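Participant: The sequence isn't on hand, but the structure is:
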(Lines give C-alpha, C1' and ligand atoms only; values in the text may rest on other atoms or scores of the structure.)
Protein backbone atom coordinates (compact mmCIF):
# COMPACT_ATOMS: atom_id res chain seq x y z
CA UNK A 1 0.00 0.00 0.00
CA UNK A 2 1.41 3.40 -0.95
CA UNK A 3 1.65 6.29 1.51
CA UNK A 4 -1.21 8.03 -0.31
CA UNK A 5 -3.41 4.95 0.04
CA UNK A 6 -2.49 4.58 3.72
CA UNK A 7 -3.35 8.19 4.39
CA UNK A 8 -6.58 8.04 2.39
CA UNK A 9 -7.69 5.08 4.48
CA UNK A 10 -6.75 6.85 7.71
CA UNK A 11 -8.54 9.99 6.57
CA UNK A 12 -11.78 8.24 5.62
CA UNK A 13 -11.89 6.31 8.88
CA UNK A 14 -11.22 9.24 11.15
CA UNK A 15 -12.38 12.44 9.42
CA UNK A 16 -15.96 12.36 10.83
CA UNK A 17 -14.71 11.79 14.37
CA UNK A 18 -12.09 14.50 14.23
CA UNK A 19 -14.61 16.90 12.73
CA UNK A 20 -17.08 16.04 15.49
CA UNK A 21 -14.35 16.53 18.11
CA UNK A 22 -13.49 19.96 16.76
CA UNK A 23 -17.12 20.97 16.21
CA UNK A 24 -17.93 20.28 19.86
CA UNK A 25 -15.18 22.66 20.94
CA UNK A 26 -15.23 25.54 18.50
CA UNK A 27 -17.48 27.25 15.98
CA UNK A 28 -18.17 25.50 12.70
CA UNK A 29 -15.91 27.55 10.42
CA UNK A 30 -12.96 27.20 12.78
CA UNK A 31 -13.66 23.49 13.24
CA UNK A 32 -12.94 22.84 9.57
CA UNK A 33 -9.68 24.75 9.89
CA UNK A 34 -8.70 22.64 12.88
CA UNK A 35 -9.52 19.44 11.00
CA UNK A 36 -7.46 20.58 8.01
CA UNK A 37 -4.55 21.46 10.26
CA UNK A 38 -4.80 18.14 12.06
CA UNK A 39 -4.76 15.99 8.95
CA UNK A 40 -2.02 18.07 7.32
CA UNK A 41 0.08 17.36 10.42
CA UNK A 42 -0.83 13.67 10.25
CA UNK A 43 0.26 13.53 6.62
CA UNK A 44 3.65 15.00 7.50
CA UNK A 45 4.08 12.44 10.28
CA UNK A 46 2.47 9.45 8.63
CA UNK A 47 5.43 7.18 9.35
CA UNK A 48 5.37 7.95 13.07
CA UNK A 49 1.68 7.57 13.79
CA UNK A 50 0.58 4.91 16.29
CA UNK A 51 -1.39 1.90 15.21
CA UNK A 52 -4.61 3.50 16.41
CA UNK A 53 -4.15 7.10 15.29
CA UNK A 54 -7.40 8.53 16.66
CA UNK A 55 -6.09 9.65 20.09
CA UNK A 56 -3.07 11.18 18.34
CA UNK A 57 -5.40 13.04 15.98
CA UNK A 58 -7.52 14.30 18.89
CA UNK A 59 -4.39 15.45 20.69
CA UNK A 60 -3.16 17.29 17.61
CA UNK A 61 -6.57 18.90 17.22
CA UNK A 62 -6.40 20.01 20.86
CA UNK A 63 -3.02 21.60 20.16
CA UNK A 64 -4.54 23.50 17.26
CA UNK A 65 -7.43 24.67 19.41
CA UNK A 66 -5.06 25.67 22.20
CA UNK A 67 -2.93 27.70 19.79
CA UNK A 68 -6.08 29.32 18.51
CA UNK A 69 -7.20 30.14 22.02
CA UNK A 70 -3.82 31.59 22.97
CA UNK A 71 -3.98 33.78 19.86
CA UNK A 72 -7.45 34.95 20.81
CA UNK A 73 -6.28 35.71 24.33
CA UNK A 74 -3.36 37.73 23.01
CA UNK A 75 -5.70 39.71 20.79
CA UNK A 76 -8.05 40.21 23.67
CA UNK A 77 -5.28 41.51 25.92
CA UNK A 78 -4.10 43.82 23.15
CA UNK A 79 -7.65 45.08 22.69
CA UNK A 80 -7.80 45.66 26.44
CA UNK A 81 -4.73 47.82 26.34
CA UNK A 82 -5.83 49.76 23.29
CA UNK A 83 -9.36 50.29 24.49
CA UNK A 84 -8.37 50.97 28.06
CA UNK A 85 -10.97 48.60 29.40
CA UNK A 86 -11.46 44.92 29.95
CA UNK A 87 -12.61 43.03 26.85
CA UNK A 88 -15.31 40.37 27.04
CA UNK A 89 -13.72 37.00 27.81
CA UNK A 90 -13.92 34.27 25.22
CA UNK A 91 -16.84 31.94 25.98
CA UNK A 92 -16.15 28.23 26.33
CA UNK A 93 -17.77 26.88 23.21
CA UNK A 94 -18.19 23.31 24.45
CA UNK A 95 -20.19 24.54 27.44
CA UNK A 96 -22.17 27.12 25.53
CA UNK A 97 -23.49 24.59 23.01
CA UNK A 98 -25.01 22.30 25.64
CA UNK A 99 -28.77 22.79 25.47
CA UNK A 100 -29.58 21.54 28.99
CA UNK A 101 -29.27 24.78 30.99
CA UNK A 102 -28.70 23.05 34.33
CA UNK A 103 -26.10 20.75 32.89
CA UNK A 104 -24.49 23.78 31.30
CA UNK A 105 -24.32 25.51 34.66
CA UNK A 106 -22.90 22.41 36.31
CA UNK A 107 -20.25 22.02 33.62
CA UNK A 108 -19.25 25.62 34.09
CA UNK A 109 -18.50 24.78 37.70
CA UNK A 110 -15.80 22.29 36.71
CA UNK A 111 -12.23 23.12 35.88
CA UNK A 112 -11.29 23.00 32.23
CA UNK A 113 -9.18 19.88 32.60
CA UNK A 114 -11.88 18.02 34.55
CA UNK A 115 -14.50 19.00 32.00
CA UNK A 116 -12.33 17.88 29.09
CA UNK A 117 -11.77 14.53 30.76
CA UNK A 118 -15.53 14.02 30.99
CA UNK A 119 -16.08 15.13 27.40
CA UNK A 120 -13.56 12.60 26.12
CA UNK A 121 -15.40 9.82 27.93
CA UNK A 122 -18.99 10.91 27.35
CA UNK A 123 -18.80 12.52 23.93
CA UNK A 124 -15.82 10.93 22.22
CA UNK A 125 -16.45 7.57 23.90
CA UNK A 126 -12.77 6.95 24.59
CA UNK A 127 -11.49 4.42 27.08
CA UNK A 128 -9.16 5.65 29.81
CA UNK A 129 -5.96 4.65 28.03
CA UNK A 130 -6.86 6.50 24.85
CA UNK A 131 -8.17 9.51 26.75
CA UNK A 132 -4.94 9.71 28.76
CA UNK A 133 -3.01 9.82 25.49
CA UNK A 134 -5.15 12.70 24.28
CA UNK A 135 -4.53 14.69 27.46
CA UNK A 136 -0.86 13.68 27.59
CA UNK A 137 -1.07 12.30 31.10
CA UNK A 138 -0.65 8.88 32.70
CA UNK A 139 -3.58 6.49 32.86
CA UNK A 140 -3.69 6.59 36.72
CA UNK A 141 -3.71 10.39 36.59
CA UNK A 142 -6.57 10.34 34.11
CA UNK A 143 -8.53 7.85 36.23
CA UNK A 144 -8.16 10.11 39.24
CA UNK A 145 -9.21 13.14 37.23
CA UNK A 146 -12.30 11.45 35.82
CA UNK A 147 -13.29 10.08 39.22
CA UNK A 148 -13.06 13.54 40.76
CA UNK A 149 -14.84 15.19 37.86
CA UNK A 150 -17.74 12.71 37.86
CA UNK A 151 -18.34 13.18 41.55
CA UNK A 152 -18.24 16.93 41.26
CA UNK A 153 -20.49 17.00 38.20
CA UNK A 154 -23.05 14.78 39.96
CA UNK A 155 -23.05 17.06 43.00
CA UNK A 156 -23.38 20.21 40.89
CA UNK A 157 -26.24 18.67 38.94
CA UNK A 158 -28.10 17.81 42.12
CA UNK A 159 -27.71 21.41 43.25
CA UNK A 160 -28.80 22.73 39.88
CA UNK A 161 -31.85 20.46 39.68
CA UNK A 162 -32.89 21.40 43.18
CA UNK A 163 -33.06 25.00 42.25
CA UNK A 164 -35.49 26.07 39.56
CA UNK A 165 -33.21 28.98 38.76
CA UNK A 166 -29.98 28.24 36.93
CA UNK A 167 -26.94 28.37 39.17
CA UNK A 168 -25.36 31.79 39.05
CA UNK A 169 -21.67 31.21 38.96
CA UNK A 170 -18.98 33.84 39.04
CA UNK A 171 -18.22 35.33 35.64
CA UNK A 172 -14.72 33.93 35.63
CA UNK A 173 -16.12 30.39 35.67
CA UNK A 174 -19.03 30.91 33.30
CA UNK A 175 -17.04 32.74 30.68
CA UNK A 176 -14.12 30.41 30.55
CA UNK A 177 -11.63 33.17 31.26
CA UNK A 178 -9.80 30.94 33.69
CA UNK A 179 -10.84 27.46 32.75
CA UNK A 180 -9.89 27.79 29.10
CA UNK A 181 -6.31 28.39 30.14
CA UNK A 182 -6.23 24.83 31.37
CA UNK A 183 -7.44 23.49 28.07
CA UNK B 1 -27.77 11.75 41.63
CA UNK B 2 -25.57 8.78 40.78
CA UNK B 3 -22.33 9.51 38.97
CA UNK B 4 -23.36 7.17 36.16
CA UNK B 5 -26.52 9.18 35.67
CA UNK B 6 -24.50 12.37 35.43
CA UNK B 7 -22.28 10.87 32.74
CA UNK B 8 -25.33 9.53 30.88
CA UNK B 9 -26.91 12.98 31.00
CA UNK B 10 -23.72 14.50 29.67
CA UNK B 11 -23.52 11.91 26.89
CA UNK B 12 -27.12 12.65 25.91
CA UNK B 13 -26.25 16.33 25.63
CA UNK B 14 -23.60 15.70 22.99
CA UNK B 15 -24.07 18.66 20.59
CA UNK B 16 -22.57 16.83 17.62
CA UNK B 17 -23.56 13.31 16.74
CA UNK B 18 -21.11 11.50 14.50
CA UNK B 19 -23.91 9.63 12.77
CA UNK B 20 -25.25 12.96 11.53
CA UNK B 21 -22.02 13.81 9.77
CA UNK B 22 -21.88 13.31 6.03
CA UNK B 23 -20.17 10.32 4.53
CA UNK B 24 -16.60 11.27 3.74
CA UNK B 25 -16.80 9.96 0.17
CA UNK B 26 -19.79 12.14 -0.67
CA UNK B 27 -18.67 15.20 1.28
CA UNK B 28 -17.08 17.71 -1.14
CA UNK B 29 -15.30 19.56 1.67
CA UNK B 30 -13.72 16.35 2.92
CA UNK B 31 -12.74 15.33 -0.60
CA UNK B 32 -11.15 18.71 -1.28
CA UNK B 33 -9.28 18.54 1.99
CA UNK B 34 -7.98 15.05 1.25
CA UNK B 35 -6.76 16.14 -2.18
CA UNK B 36 -5.06 19.24 -0.83
CA UNK B 37 -3.30 17.38 1.98
CA UNK B 38 -2.04 14.70 -0.39
CA UNK B 39 -0.76 17.44 -2.69
CA UNK B 40 1.53 18.71 0.05
CA UNK B 41 5.09 17.42 -0.04
CA UNK B 42 6.19 15.41 2.95
CA UNK B 43 8.03 15.24 5.23
CA UNK B 44 9.11 18.77 6.13
CA UNK B 45 11.86 17.68 8.49
CA UNK B 46 13.38 21.17 8.55
CA UNK B 47 10.33 22.52 10.35
CA UNK B 48 9.44 19.52 12.44
CA UNK B 49 12.51 17.57 13.52
CA UNK B 50 10.72 14.37 14.46
CA UNK B 51 13.66 12.14 15.40
CA UNK B 52 15.21 12.99 18.72
CA UNK B 53 18.32 11.53 20.25
CA UNK B 54 16.66 10.29 23.44
CA UNK B 55 14.07 8.46 21.39
CA UNK B 56 16.82 6.41 19.81
CA UNK B 57 18.13 5.45 23.24
CA UNK B 58 14.69 4.42 24.39
CA UNK B 59 14.28 2.23 21.37
CA UNK B 60 17.59 0.46 21.94
CA UNK B 61 16.74 -0.31 25.56
CA UNK B 62 13.38 -1.72 24.54
CA UNK B 63 14.99 -3.99 22.01
CA UNK B 64 17.43 -5.35 24.55
CA UNK B 65 14.81 -6.16 27.13
CA UNK B 66 11.82 -7.51 25.33
CA UNK B 67 13.05 -8.66 21.97
CA UNK B 68 12.71 -7.25 18.54
CA UNK B 69 9.07 -8.09 17.90
CA UNK B 70 7.77 -6.79 21.19
CA UNK B 71 9.89 -3.67 20.85
CA UNK B 72 8.45 -2.93 17.47
CA UNK B 73 4.96 -3.06 18.93
CA UNK B 74 5.94 -0.88 21.88
CA UNK B 75 7.50 1.70 19.62
CA UNK B 76 4.42 1.75 17.46
CA UNK B 77 2.05 2.17 20.38
CA UNK B 78 3.93 4.18 22.99
CA UNK B 79 6.81 5.92 21.30
CA UNK B 80 4.96 7.79 18.61
CA UNK B 81 6.30 11.26 18.06
CA UNK B 82 4.26 13.73 20.09
CA UNK B 83 2.05 15.90 17.94
CA UNK B 84 3.96 19.09 17.20
CA UNK B 85 2.38 22.45 17.72
CA UNK B 86 1.84 24.13 14.34
CA UNK B 87 4.34 26.89 13.77
CA UNK B 88 3.16 28.43 10.55
CA UNK B 89 -0.06 29.25 8.73
CA UNK B 90 -1.06 26.16 6.81
CA UNK B 91 -4.77 25.76 7.30
CA UNK B 92 -8.13 27.17 6.42
CA UNK B 93 -10.53 27.04 3.54
CA UNK B 94 -8.52 29.47 1.40
CA UNK B 95 -5.38 27.46 1.98
CA UNK B 96 -7.20 24.30 0.95
CA UNK B 97 -8.67 25.90 -2.17
CA UNK B 98 -5.30 27.25 -3.31
CA UNK B 99 -3.52 23.96 -2.71
CA UNK B 100 -6.19 22.23 -4.77
CA UNK B 101 -5.54 24.72 -7.56
CA UNK B 102 -1.83 24.01 -7.21
CA UNK B 103 -2.48 20.31 -7.61
CA UNK B 104 -4.59 20.93 -10.71
CA UNK B 105 -1.89 23.21 -12.13
CA UNK B 106 0.80 20.62 -11.56
CA UNK B 107 -1.12 17.97 -13.46
CA UNK B 108 -2.29 20.23 -16.29
CA UNK B 109 -1.21 19.14 -19.75
CA UNK B 110 -0.61 21.82 -22.39
CA UNK B 111 -1.86 20.50 -25.72
CA UNK B 112 -0.34 22.64 -28.44
CA UNK B 113 2.28 25.30 -28.79
CA UNK B 114 0.12 28.38 -28.97
CA UNK B 115 -1.57 30.03 -26.04
CA UNK B 116 -4.43 32.41 -26.69
CA UNK B 117 -6.42 34.28 -24.09
CA UNK B 118 -9.20 36.75 -24.77
CA UNK B 119 -11.21 38.85 -22.42
CA UNK B 120 -11.60 42.35 -21.18
CA UNK B 121 -10.33 44.80 -18.63
CA UNK B 122 -12.74 47.17 -16.94
CA UNK B 123 -11.85 50.13 -14.77
CA UNK B 124 -13.54 53.15 -13.29
CA UNK B 125 -12.03 56.42 -14.47
CA UNK B 126 -12.72 59.82 -12.97
CA UNK B 127 -12.22 62.87 -15.16
CA UNK B 128 -12.44 66.51 -14.28
CA UNK B 129 -12.12 68.52 -17.47
CA UNK B 130 -13.37 71.99 -18.34
CA UNK B 131 -15.54 72.05 -15.26
CA UNK B 132 -17.11 68.68 -16.02
CA UNK B 133 -16.40 66.10 -13.34
CA UNK B 134 -17.69 62.57 -13.87
CA UNK B 135 -16.91 58.90 -13.43
CA UNK B 136 -17.19 56.36 -16.22
CA UNK B 137 -16.70 52.64 -16.46
CA UNK B 138 -14.32 51.88 -19.31
CA UNK B 139 -14.15 48.37 -20.74
CA UNK B 140 -11.60 47.43 -23.34
CA UNK B 141 -11.00 44.03 -24.99
CA UNK B 142 -7.67 42.37 -24.39
CA UNK B 143 -5.97 39.51 -26.18
CA UNK B 144 -2.77 37.63 -25.45
CA UNK B 145 -0.93 35.34 -27.88
CA UNK B 146 2.07 33.29 -26.93
CA UNK B 147 4.23 31.02 -29.06
CA UNK B 148 5.91 28.38 -26.94
CA UNK B 149 8.52 27.61 -29.62
CA UNK B 150 9.81 31.14 -29.99
CA UNK B 151 8.81 32.45 -26.59
CA UNK B 152 7.09 35.33 -28.34
CA UNK B 153 4.41 37.05 -26.29
CA UNK B 154 2.01 39.61 -27.63
CA UNK B 155 -0.67 41.24 -25.50
CA UNK B 156 -3.03 43.63 -27.25
CA UNK B 157 -5.25 46.13 -25.49
CA UNK B 158 -7.87 47.33 -27.95
CA UNK B 159 -8.61 50.98 -27.41
CA UNK B 160 -10.11 53.68 -29.62
CA UNK B 161 -13.43 52.58 -31.00
CA UNK B 162 -13.11 49.20 -29.30
CA UNK B 163 -13.59 50.61 -25.83
CA UNK B 164 -16.97 50.81 -24.20
CA UNK B 165 -17.64 53.84 -21.98
CA UNK B 166 -20.48 53.71 -19.49
CA UNK B 167 -21.15 56.65 -17.11
CA UNK B 168 -21.96 55.44 -13.62
CA UNK B 169 -25.18 57.39 -13.13
CA UNK B 170 -27.35 60.02 -14.88
CA UNK B 171 -25.35 62.91 -13.41
CA UNK B 172 -22.12 61.37 -14.69
CA UNK B 173 -23.78 60.79 -18.07
CA UNK B 174 -24.81 64.46 -18.32
CA UNK B 175 -21.32 65.67 -17.40
CA UNK B 176 -19.76 63.20 -19.82
CA UNK B 177 -21.96 64.51 -22.64
CA UNK B 178 -21.10 68.13 -21.76
CA UNK B 179 -17.42 67.14 -21.98
CA UNK B 180 -17.96 65.95 -25.56
CA UNK B 181 -18.26 62.22 -24.83
CA UNK B 182 -14.52 61.59 -25.19
CA UNK B 183 -12.96 58.24 -26.00
CA UNK B 184 -9.55 56.99 -24.94
CA UNK B 185 -6.54 59.12 -25.61
CA UNK B 186 -2.95 58.90 -24.47
CA UNK B 187 -3.08 62.61 -23.77
CA UNK B 188 -5.32 62.97 -20.71
CA UNK B 189 -6.26 66.49 -21.79
CA UNK B 190 -7.74 65.11 -24.99
CA UNK B 191 -9.62 62.08 -23.69
CA UNK B 192 -9.87 59.30 -21.18
CA UNK B 193 -6.54 58.01 -19.94
CA UNK B 194 -7.01 54.24 -19.96
CA UNK B 195 -4.60 52.12 -17.96
CA UNK B 196 -3.37 49.12 -19.96
CA UNK B 197 -0.78 47.97 -17.50
CA UNK B 198 -2.88 45.32 -15.78
CA UNK B 199 -2.40 47.12 -12.50
CA UNK B 200 -5.64 48.24 -11.03
CA UNK B 201 -5.40 50.49 -8.00
CA UNK B 202 -1.91 49.25 -7.10
CA UNK B 203 -1.66 50.61 -3.63
CA UNK B 204 2.04 50.55 -3.07
CA UNK B 205 4.91 52.04 -5.01
CA UNK B 206 4.29 50.38 -8.36
CA UNK B 207 6.78 47.71 -7.34
CA UNK B 208 6.51 45.00 -9.97
CA UNK B 209 7.95 41.51 -9.82
CA UNK B 210 9.76 40.75 -13.05
CA UNK B 211 11.97 37.92 -11.87
CA UNK B 212 11.80 34.31 -13.04
CA UNK B 213 9.43 32.05 -11.16
CA UNK B 214 11.57 29.06 -12.11
CA UNK B 215 14.48 30.54 -10.14
CA UNK B 216 12.48 31.06 -6.96
CA UNK B 217 12.65 28.53 -4.09
CA UNK B 218 10.04 25.77 -4.09
CA UNK B 219 9.16 26.28 -0.44
CA UNK B 220 6.15 28.63 -0.52
CA UNK B 221 7.25 30.74 2.44
CA UNK B 222 10.78 31.09 1.10
CA UNK B 223 9.38 31.82 -2.34
CA UNK B 224 7.38 34.77 -1.04
CA UNK B 225 10.44 36.06 0.81
CA UNK B 226 12.53 35.71 -2.35
CA UNK B 227 9.96 37.70 -4.34
CA UNK B 228 10.02 40.43 -1.72
CA UNK B 229 13.82 40.42 -1.72
CA UNK B 230 13.85 40.56 -5.49
CA UNK B 231 11.57 43.56 -5.70
CA UNK B 232 13.47 45.32 -2.92
CA UNK B 233 16.70 44.82 -4.81
CA UNK B 234 15.68 45.04 -8.44
CA UNK B 235 12.10 46.18 -8.65
CA UNK B 236 10.66 49.65 -8.63
CA UNK B 237 11.81 52.81 -10.29
CA UNK B 238 14.24 53.79 -7.56
CA UNK B 239 16.32 50.66 -7.94
CA UNK B 240 16.24 50.98 -11.73
CA UNK B 241 17.83 54.38 -11.30
CA UNK B 242 20.48 52.84 -9.08
CA UNK B 243 18.91 54.20 -5.92
CA UNK B 244 17.80 52.29 -2.87
CA UNK B 245 14.49 50.55 -3.08
CA UNK B 246 12.56 48.83 -0.35
CA UNK B 247 10.09 46.08 0.28
CA UNK B 248 6.40 46.81 -0.34
CA UNK B 249 4.61 48.51 2.50
CA UNK B 250 2.03 45.72 2.60
CA UNK B 251 3.95 42.55 1.70
CA UNK B 252 0.95 40.16 1.95
CA UNK B 253 -1.19 42.24 -0.40
CA UNK B 254 1.72 42.77 -2.75
CA UNK B 255 2.43 39.02 -2.92
CA UNK B 256 -1.26 38.31 -3.47
CA UNK B 257 -1.47 40.80 -6.34
CA UNK B 258 1.85 39.93 -7.98
CA UNK B 259 1.23 36.20 -7.64
CA UNK B 260 -2.18 36.68 -9.23
CA UNK B 261 -0.69 38.68 -12.08
CA UNK B 262 1.86 35.94 -12.75
CA UNK B 263 -1.01 33.46 -12.96
CA UNK B 264 -3.14 35.67 -15.19
CA UNK B 265 -4.18 34.19 -18.53
CA UNK B 266 -3.06 37.48 -20.10
CA UNK B 267 0.51 37.03 -18.83
CA UNK B 268 3.24 34.79 -20.22
CA UNK B 269 2.16 31.21 -19.43
CA UNK B 270 4.44 29.58 -16.87
CA UNK B 271 5.25 25.88 -16.73
CA UNK B 272 2.74 23.75 -14.78
CA UNK B 273 5.26 23.28 -11.95
CA UNK B 274 5.79 27.05 -11.77
CA UNK B 275 2.07 27.75 -11.68
CA UNK B 276 1.76 25.20 -8.90
CA UNK B 277 4.53 27.02 -6.99
CA UNK B 278 2.68 30.29 -7.37
CA UNK B 279 -0.56 28.82 -6.06
CA UNK B 280 1.27 27.31 -3.10
CA UNK B 281 2.86 30.67 -2.37
CA UNK B 282 -0.59 32.29 -2.40
CA UNK B 283 -1.82 29.54 -0.08
CA UNK B 284 0.49 30.58 2.76
CA UNK B 285 -0.29 34.29 2.64
CA UNK B 286 -2.07 35.33 5.84
CA UNK B 287 -5.42 37.05 5.49
CA UNK B 288 -6.67 35.35 2.33
CA UNK B 289 -10.23 34.11 2.69
CA UNK B 290 -12.85 32.32 0.62
CA UNK B 291 -15.83 34.37 -0.54
CA UNK B 292 -19.37 33.11 -0.63
CA UNK B 293 -20.79 31.86 -3.89
CA UNK B 294 -19.56 29.40 -6.47
CA UNK B 295 -19.72 31.50 -9.65
CA UNK B 296 -17.47 34.04 -11.31
CA UNK B 297 -18.75 37.37 -12.72
CA UNK B 298 -19.83 35.57 -15.92
CA UNK B 299 -21.72 32.93 -13.91
CA UNK B 300 -19.19 30.19 -14.57
CA UNK B 301 -18.38 27.61 -11.85
CA UNK B 302 -15.60 29.12 -9.78
CA UNK B 303 -14.25 29.53 -6.31
CA UNK B 304 -13.46 33.06 -5.21
CA UNK B 305 -10.85 34.33 -2.77
CA UNK B 306 -10.11 37.74 -1.39
CA UNK B 307 -7.57 39.73 0.56
CA UNK B 308 -8.22 43.18 1.97
CA UNK B 309 -5.66 45.96 1.95
CA UNK B 310 -5.89 49.42 3.47
CA UNK B 311 -3.77 52.36 2.36
CA UNK B 312 -4.17 56.12 2.60
CA UNK B 313 -4.13 56.41 -1.17
CA UNK B 314 -6.90 53.96 -2.05
CA UNK B 315 -8.59 53.39 1.29
CA UNK B 316 -9.69 49.83 1.86
CA UNK B 317 -9.71 47.67 -1.24
CA UNK B 318 -10.70 44.02 -1.46
CA UNK B 319 -8.61 42.17 -4.02
CA UNK B 320 -10.65 39.28 -5.37
CA UNK B 321 -9.72 36.42 -7.62
CA UNK B 322 -11.86 33.73 -9.21
CA UNK B 323 -10.40 30.33 -10.03
CA UNK B 324 -12.08 27.89 -12.39
CA UNK B 325 -13.52 25.01 -10.35
CA UNK B 326 -12.12 22.31 -12.60
CA UNK B 327 -8.77 23.74 -13.70
CA UNK B 328 -6.07 26.13 -12.57
CA UNK B 329 -7.27 28.93 -14.85
CA UNK B 330 -7.81 32.34 -13.27
CA UNK B 331 -11.15 33.39 -14.67
CA UNK B 332 -11.31 36.88 -13.21
CA UNK B 333 -9.81 39.34 -10.78
CA UNK B 334 -11.42 42.37 -9.19
CA UNK B 335 -10.46 45.30 -6.99
CA UNK B 336 -13.56 46.20 -5.00
CA UNK B 337 -13.66 49.42 -3.00
CA UNK B 338 -14.68 48.82 0.60
CA UNK B 339 -13.92 52.32 1.85
CA UNK B 340 -12.57 54.96 -0.53
CA UNK B 341 -9.26 56.70 0.13
CA UNK B 342 -7.63 59.90 -1.05
CA UNK B 343 -7.19 58.91 -4.70
CA UNK B 344 -10.52 57.14 -5.22
CA UNK B 345 -12.74 59.35 -3.09
CA UNK B 346 -15.09 59.68 -6.07
CA UNK B 347 -16.16 56.04 -5.68
CA UNK B 348 -18.81 54.58 -3.42
CA UNK B 349 -18.23 51.49 -1.28
CA UNK B 350 -18.84 48.37 -3.34
CA UNK B 351 -17.64 49.90 -6.60
CA UNK B 352 -15.47 47.62 -8.73
CA UNK B 353 -12.57 49.92 -9.44
CA UNK B 354 -10.75 47.46 -11.65
CA UNK B 355 -11.42 44.00 -13.07
CA UNK B 356 -10.02 41.54 -15.53
CA UNK B 357 -12.24 38.88 -17.03
CA UNK B 358 -11.02 36.01 -19.19
CA UNK B 359 -13.64 34.92 -21.72
CA UNK B 360 -11.58 32.19 -23.37
CA UNK B 361 -8.09 30.78 -22.90
CA UNK B 362 -6.23 27.68 -23.96
CA UNK B 363 -3.49 25.97 -25.91
CA UNK B 364 -3.83 25.01 -29.56
CA UNK B 365 -1.73 23.97 -32.52
CA UNK B 366 -2.80 26.94 -34.59
CA UNK B 367 -1.23 30.38 -34.17
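Facilitator: Cool, the structure landed. Since the model is a prediction, treat every value here as computed from it, not as a measurement. Residues are numbered from 1 along each chain as shown, chains lettered A, B, ... in the order given.
Participant: What ranges in chain A fall below the confidence cut-off?
Facilitator: A:67-94, A:96-97, A:99, A:163-183 (pLDDT under 70).
Participant: Show the backbone phi and psi for residue A:110.
Facilitator: Dihedral angles of residue A:110 (phi, psi; degrees, to the nearest 10) stand at phi -90, psi 160.
Participant: right, and it touches residue A:149 too?
Facilitator: Yes - the criterion here is Cβ atoms under 8 Å, and residue A:110 meets it with residue A:149 at 6.0 Å. Where C-beta positions appear, they are placed from N, C-alpha and C, glycine not excepted.
Participant: which residues are common contacts for those two?
Facilitator: Taking Cβ atoms under 8 Å, 6 or more residues apart in numbering or on different chains as the contact rule, residue A:110 and residue A:149 both touch residue A:118.
Participant: all helices of the chain, in order?
Facilitator: With no chain named, the answer covers chain A. A:3-25, A:28-44, A:54-83, A:93-96, A:101-108, A:112-122, A:128-135, A:139-162, A:171-174 (DSSP state H).
Participant: my question was about chain B
Facilitator: Listed in chain order, the helices of chain B (DSSP H) span B:3-12, B:28-39, B:53-66, B:68-78, B:93-106, B:170-178, B:220-234, B:236-240, B:251-263, B:272-283.
Participant: Mean pLDDT, mean neighbour count and distance to residue B:317 for the ones you listed - can I get that in JSON lines?
Facilitator: Converted to JSON lines, those look like this (pLDDT from 0 to 100; neighbours: other Cβ atoms under 10 Å in any protein chain shown; distance: least, Cβ to Cβ, whole Å):
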{"stretch": "helix B:3-12", "mean pLDDT": "82", "mean neighbour count": "16", "distance to residue B:317": "49"}
{"stretch": "helix B:28-39", "mean pLDDT": "81", "mean neighbour count": "18", "distance to residue B:317": "28"}
{"stretch": "helix B:53-66", "mean pLDDT": "32", "mean neighbour count": "12", "distance to residue B:317": "50"}
{"stretch": "helix B:68-78", "mean pLDDT": "35", "mean neighbour count": "13", "distance to residue B:317": "53"}
{"stretch": "helix B:93-106", "mean pLDDT": "88", "mean neighbour count": "24", "distance to residue B:317": "18"}
{"stretch": "helix B:170-178", "mean pLDDT": "94", "mean neighbour count": "15", "distance to residue B:317": "21"}
{"stretch": "helix B:220-234", "mean pLDDT": "85", "mean neighbour count": "18", "distance to residue B:317": "20"}
{"stretch": "helix B:236-240", "mean pLDDT": "49", "mean neighbour count": "14", "distance to residue B:317": "20"}
{"stretch": "helix B:251-263", "mean pLDDT": "91", "mean neighbour count": "22", "distance to residue B:317": "9"}
{"stretch": "helix B:272-283", "mean pLDDT": "93", "mean neighbour count": "24", "distance to residue B:317": "17"}
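Participant: Make a markdown table out of those helices and add distance to chain A.
Facilitator: A markdown table is the format used below for those (distance: least, Cβ to the nearest Cβ, whole Å):
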| stretch | distance to chain A |
| --- | --- |
| helix B:3-12 | 4 |
| helix B:28-39 | 5 |
| helix B:53-66 | 10 |
| helix B:68-78 | 5 |
| helix B:93-106 | 6 |
| helix B:170-178 | 40 |
| helix B:220-234 | 13 |
| helix B:236-240 | 33 |
| helix B:251-263 | 17 |
| helix B:272-283 | 11 |
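Participant: and those helices as TSV, adding distance to residue B:354?
Facilitator: TSV is the format used below for the helices of chain B (distance: least, Cβ to Cβ, whole Å):
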stretch	distance to residue B:354
helix B:3-12	55
helix B:28-39	29
helix B:53-66	55
helix B:68-78	56
helix B:93-106	21
helix B:170-178	18
helix B:220-234	21
helix B:236-240	21
helix B:251-263	11
helix B:272-283	19
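Participant: Quick check: buried residues in stretch B:108-119?
Facilitator: Neighbour-count burial for stretch B:108-119, counted by 16 or more other Cβ atoms under 10 Å in any protein chain shown, picks out B:108, B:114, B:115, B:116, B:117, B:118, B:119.
Participant: isn't the second one right next to residue B:145, touching?
Facilitator: Yes - when contacts are counted by Cβ under 8 Å, residue B:114 is listed as touching residue B:145 (7.0 Å).
Participant: just to revisit the earlier point, could you point out which of the helices of chain A sits nearest residue B:161?
Facilitator: Closest approach to residue B:161 among these is made by helix A:28-44 (48.6 Å; Cβ to Cβ).
Participant: Residue B:343: which of the helices of chain B is closest?
Facilitator: The closest of the helices of chain B to residue B:343 is helix B:251-263. By Cβ to Cβ, the value is 16.0 Å.
Participant: what helices or strands is that closest one leaning on?
Facilitator: helix B:220-234, helix B:272-283, strand B:302-311, strand B:315-324, strand B:330-339 (3 or more Cβ pairs under 8 Å, 6 or more residues apart in numbering or on different chains; DSSP states H and E).
Participant: picking up where we left off before, of residue A:110 and residue A:149, who's got more company?
Facilitator: residue A:149 (24 against 20; other Cβ atoms under 10 Å in any protein chain shown).
Participant: And the residue nearest to the more buried one when sequence neighbours are not counted, how far from chain B?
Facilitator: Counting by Cβ to Cβ, 6 or more residues apart in numbering or on different chains, residue A:114 is the residue found nearest to residue A:149 once chain neighbours are left out, at 3.7 Å. According to Cβ to the nearest Cβ, to the nearest Å, residue A:114 stands 12 Å off from chain B.
Participant: likewise residue A:145?
Facilitator: Applying Cβ to the nearest Cβ, the value for residue A:145 to chain B is 14 Å.
Participant: check contacts around that residue.
Facilitator: A:113, A:114, A:117, A:135, A:137.
Participant: Just send those back as TSV, with neighbour count too.
Facilitator: Below are the contacts of residue A:145 laid out as TSV (neighbours: other Cβ atoms under 10 Å in any protein chain shown):
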residue	neighbour count
A:113	14
A:114	20
A:117	29
A:135	19
A:137	16
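Participant: what's the most distant pair in these?
Facilitator: Longest span within the contacts of residue A:145, Cβ to Cβ: A:114 and A:137, 12.3 Å.
Participant: Could you find the closest non-adjacent residue to residue B:5?
Facilitator: With Cβ to Cβ, 6+ apart as the criterion, residue B:5 has its nearest non-adjacent residue at 7.3 Å, and that residue is residue A:154.
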